[in-house]
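fold the following and give me the result.
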Amino acid sequence: MFDDITQFAIVLAIMAGLVTILGKWMTHMFTSPKHNILERGTYRILGVDPQEKMSWKRYGMVLLISNAAMMLLGYLLLRVQDLLPGDPLARAAQTPDLAFNTAASFMTNTNWQAYSGESSLSNLSQMIVVTFLMSVSATTGLAAAAGFIRGLSRKNAGDIGNYWVDFTRCLYRLLMPLCFAMALVYVWQGMPQTLGADAVVTTLEGAKQQIILGPVASFETIKHIGTNGGGFFGMNAAHPFENPTPLTNTLHILSMLLIPSSLTYVFGSMLLRRRQGWAFLGAFLVMFLGFLALVYSAERGGNDLMNPMGIDQQQAQTQSGGNLEGKELRFGVAQTSLFVTTTTAATTGSVDAMHSSLTPLGGLVPLAQMMLNNVFGGIGVGFINLITFAILTVFLVGMMIGRTPEFLGKKIEAREMKYVMLAILAHPFSILGFTAIACLMPSTMGSLSNMGPHGFSEVLYAYTSGTANNGSAFAGLNANTPFFNTTIGLAMLIGRYLTMLPMLAVAGVMAAKRAVPEGPGTLSTATPLFTGLLVFVVVIVGGLTFLPALALGPIVEHLSMLSGITF
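Numbers count the residues shown, from 1 in each chain. Below is the predicted model:
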């Protein structure tokens, strides 16, 4: 156990060290008045004015229209994949419902896949559709965070910046350089990076085997740095081509946490409230460590149903011990637990183990993190979600003590709270609403490979993953049906834009406000007390909203396991 905890500590220490380094660069990127030659050329090609000051409505409209155009382009390319060149394996085009699901998935940074990558998409589609949409979706989220933070930092202003400037800078100055450097490391570690479609080899038994190849290294970089999560192969990061060594596994974890954690430093720097940024990072870490401890203890404890069979689940020199079903033995319980916690905390969705094979309490962790949707969260939007709950916390405290709530030196009034509540309520409405509809559909039974509480968890997990823009799955659910493709696609769009756009509105309203001086009754939001209150509100709101659904799924399954009941 000591070695496992040491692994966790080293990874988190490296992440903490990178927060300041990357945070300083991102702050400069968001605030610099200068445009480089590549950016100026891009503005001319797009025909946009980088000097335009956009209100939150204009900013959100440009974001929404550009995303819709790119999603439509991805949909059309997937529909005509069989007509495109460069695929010697002659893969078929996707059906209308699957193409809609795939385009919505990658445009919303979800990366839910109702198909297996290597058998369904050509290398050309992987590059010009999937990798392209992963890049622009990550850039969109980060640009939204830039506009949001800028809006909170301004006083008596009518704008929150320029979307095209934020988008272009995030892409050129941050994501592309990081991805290029990381791709070189991945190639060094053994990931394929080729335009070749496949290789036919002779196995040790003398049989012929086809091995699918492609531009995997470049795919994996934006997949994790951009908190995307889609797999080039069906097995995702459990596939040796996507995750060949323990070093790449660790780099995947750090890549997922890098930008979401650094945004706390950016926030503190742009608002000249450095302690406030550290307070939010502390809230992230408290929730993250709590969930990591739960999944690690659950998986290390093993499966109680195995004990009567005499199966040894203890840690020893020859095995890592615990529940090893669905896990890569080369990573073991510790690395897998850290990956599970990270991929759902950062809403990436990449997996190096099968989440459906986790113990009931272990499977509860990714579900709960996606339901809360702000334990680090996805690139850009995760931090926005945390601020949503920070404003709610300030409002609740203000109501309890009979004062007008204030946040960052500005009064929180009815208009902002309406936007905040829309952003908060859209999330559970989508998850619980679509789950209820799916459970009432007779066709759902044909998509389940497990009955009882785990079957319910598979459906609940699918809509939670879609709405949270995560993309991981309890893989026992066959989601490639018109019903699931359509409803999960809608859940992804709701989870992305009905939370992002209302909070851009909050930023616009806050930017127009004047600052008010702090009084003796003003609640300081940069203290451990507020950090604790924030975590408490996040957990309580999430618990009250989702506990009944969790009780029908993983909690009942855990109690059944303790009683020796199977389904």
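
show me the strands in the stretch 401-550 of the chain, by range?
406-407, 410-411 (DSSP state E, counting those that start in this stretch).

from the ones you listed, which stretch is densest packed?
strand 406-407 (a mean of 20; mean count of other C-beta atoms under 10 Å). All C-beta spots, glycine's among them, are computed from the backbone N, C-alpha and C.

pLDDT on that one, on average?
In this model, strand 406-407 has a mean pLDDT of 90.

what helices or strands is that strand leaning on?
Under the contact definition 3 or more C-beta pairs under 8 Å, 6 or more residues apart in numbering; DSSP states H and E, strand 406-407 sits against helix 381-401.

quick one: buried residues of the helix it packs on?
381-395, 397-398 (16 or more other C-beta atoms under 10 Å).

elements contacting that helix?
Helices and strands touching helix 381-401, by 3+ C-beta pairs under 8 Å, 6+ apart, are helix 132-153, helix 246-270, helix 274-301, strand 406-407, helix 414-440, helix 482-512, helix 528-550.

quick one: which of the ones you listed is nearest Leu98?
Nearest to Leu98 among the helices and strands packed on helix 381-401 is helix 482-512; the distance by C-beta to C-beta comes to 5.5 Å.

strands of the stretch 101-250 of the chain, start to end?
Secondary structure of the stretch 101-250 of the chain (DSSP E, counting those that start in this stretch): strands at 198-202, 208-212.

who wins for proximity to Tyr163 among these?
The nearest among the strands of the stretch 101-250 of the chain, by C-beta to C-beta, is strand 208-212 at 37.9 Å.

tell me the angle the closest one makes with strand 198-202.
Put simply, strand 208-212 runs at 150 degrees to strand 198-202, going by axes from the mean of the first three to the mean of the last three C-alpha atoms, to 10 degrees.

then strand 208-212 to PDB, C-alphas only?
Only the C-alpha atoms of strand 208-212 are listed here, as PDB (Å, rounded to 0.1, in the frame of the first residue of the first chain):
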ATOM      1  CA  LYS A 208      -1.700 -14.800 -40.200                       C
ATOM      2  CA  GLN A 209      -2.900 -11.900 -38.100                       C
ATOM      3  CA  GLN A 210      -4.000  -8.400 -39.300                       C
ATOM      4  CA  ILE A 211      -2.900  -5.600 -37.000                       C
ATOM      5  CA  ILE A 212      -4.600  -2.200 -37.500                       C
END
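
count of neighbours near Met445?
By the criterion of other C-beta atoms under 10 Å, Met445 has 10 neighbours.

coming back round to it: any chance of the strands of the stretch 101-250 of the chain in a markdown table, plus mean pLDDT, mean neighbour count and distance to Thr531?
Below are the strands of the stretch 101-250 of the chain laid out as a markdown table (pLDDT from 0 to 100; neighbours: other C-beta atoms under 10 Å; distance: least, C-beta to C-beta, whole Å):
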| stretch | mean pLDDT | mean neighbour count | distance to Thr531 |
| --- | --- | --- | --- |
| strand 198-202 | 89 | 11 | 52 |
| strand 208-212 | 89 | 12 | 47 |
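
nearest to Thr110, out of these?
Of the strands of the stretch 101-250 of the chain, nearest to Thr110 by C-beta to C-beta is strand 208-212, at 23.5 Å.

roughly how far apart are Trp112 and Thr545?
Look at Trp112 and Thr545: by C-beta to C-beta, to the nearest Å, they are 22 Å apart.

do the same with Pro88
Taken as C-beta to C-beta, the span from Pro88 to Thr545 is 50 Å.

more crowded one of the two?
Ranked by neighbour count (other C-beta under 10 Å), Pro88 and Thr545 place Thr545 first, with 18 against 10.

retrieve the pLDDT associated with that one.
93.

that one contacts Met371, correct?
Yes. Counting by C-beta atoms under 8 Å, Met371 is a contact partner of Thr545 at 7.4 Å.

which neighbours do those two share?
Common neighbours of Thr545 and Met371, using C-beta atoms under 8 Å, 6 or more residues apart in numbering, are Pro428.

pLDDT at Ala316, what is it?
pLDDT at Ala316 comes out at 68.

and for Ala9?
Ala9 is assigned 95 on the pLDDT scale.

follow-up on the earlier one: in CSV: the strands of the stretch 101-250 of the chain, plus distance to Met127.
Formatted as CSV, the strands of the stretch 101-250 of the chain follow (distance: least, C-beta to C-beta, whole Å):
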stretch, distance to Met127
strand 198-202, 16
strand 208-212, 15
